[in-house]
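Asker: Could you look at this predicted model? Sequence included:
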Amino acid sequence: MDKELIRQRFAAARLTYGEQARVQHLVVLRMMELLRSYLPKKPRCIYEFGCGTGDYSRLLLGLHPDRLVLNDLCPEMEESLTDILTSPCASFIPGDAEQLDILGRTDVITSCSTVQWFTSLPDFFQRCRQAITTGGILAFTTFGPHNMQEIRALTGNGLYYPEMEKLIGMLPAGFRLLHASQEVRGMEFSTPVEVLRHLKQTGVTGTERRMWTRSRLDEFCHRYIERFSCNNGVTLTYHPVYIIASAI
């Protein structure tokens with residue numbers, strides 16, 4: 001993972017993310033629904049990594065924790081969190097979540113649509129276990145192997161998305177699985193160019209390095225329409241995965 005490239009792409013998309021990230025917003029709502037059902041009590045401290053523009057963070061603030069620690073790889077995201085950070089319980093720590101120390105003990109470590117960008121999930125989950133209080137919760141969403149399958153099929157480029165069962169197997173001893181589920185959601189766009197614009201405006205192009213020449217774009221559009229057409233244009237697949245575990 002080129003974390004600097006990822007940071008640049010998400011920072012550039014922070015003003016358009018909210019409008020474009022429709023599936024991610026639905027994922028946030030579902031994650032909050034699940035988290036509420038598994039929280040054993042009012043959380044004292046919640047640590048959210050990969051908070052982005054704060055879609056999930058605002059719902060976490062509604063749980064009324066004593067402390068809400070928000071983290072993101074992009075320091076620029078703090079500009080999108082000003083309404084949240086007016087709360088005396090909320091703070092923002094920029095940096096790579098895989099490298100930052102999680103200070104103190106926390107009741108909930110959570111994230112939406114972030115861990116697919118990590119280098120070593122088993123190591124990160126082990127660090128989470130050391131920071132979570134007994135009975136506390138690790139709750140995160142990521143994406144499964146069908147995610148953006150159209151892009152991978154046409155460009156050969158994309159993130160590695162492990163099967164849900166493999167993700168569960170990465171949880172270290174000391175966690176008890178409470179919930180695991182997945183779903184496949186399709187989005188429709190009028191043209192393949194609109195798909196590319198959507199991806200750019202949500203920042204999820206952090207592994208793409210090749211330039212889009214006119215000939216490459218024309219070929220991409222032709223093949224996309226040929227293989228992934230629908231009544232309203234073309235499709236793009238999302239494959240959200242939800243996992244919640246308790247520290248024992």
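Answerer: Alright, I've got the coordinates.
Asker: What's the biggest strand in this structure, counting residues?
Answerer: strand 132-143 (DSSP state E).
Asker: Report the buried residues of that one.
Answerer: The neighbour-count check on strand 132-143 (16 or more other CB atoms under 10 Å) flags 132, 136-143 as buried. The way it works is simple: take the backbone N, C-alpha and C, and place the C-beta from them, glycine included.
Asker: Kindly report the same for stretch 223-237.
Answerer: Buried, per 16+ other CB under 10 Å, within stretch 223-237: 224, 228, 233-237.
Asker: So which residues of the protein form helices?
Answerer: 3-12, 17-20, 22-38, 55-61, 82-85, 121-131, 149-155, 164-169, 192-202, 214-228 (DSSP state H).
Asker: ok and the first one relative to helix 192-202, angle-wise?
Answerer: Pointing back at helix 3-12 there. 100 degrees (axes from the mean of the first three to the mean of the last three CA atoms, to 10 degrees).
Asker: Identify the residues contacting stretch 177-194?
Answerer: 22-23, 26, 34, 38, 137, 144, 146, 164, 168, 171, 195, 198, 217, 220-221, 224-225, 230, 232-246 (CB atoms under 8 Å, 6 or more residues apart in numbering).
Asker: which other helices and strands contact the helix or strand bottoming out on mean pLDDT in the chain?
Answerer: Ranked by mean pLDDT, DSSP states H and E, the helix or strand of the chain with the weakest confidence is helix 17-20, at a mean of 72. With contacts taken as 3 or more CB pairs under 8 Å, 6 or more residues apart in numbering; DSSP states H and E, helix 17-20 sits against helix 192-202.
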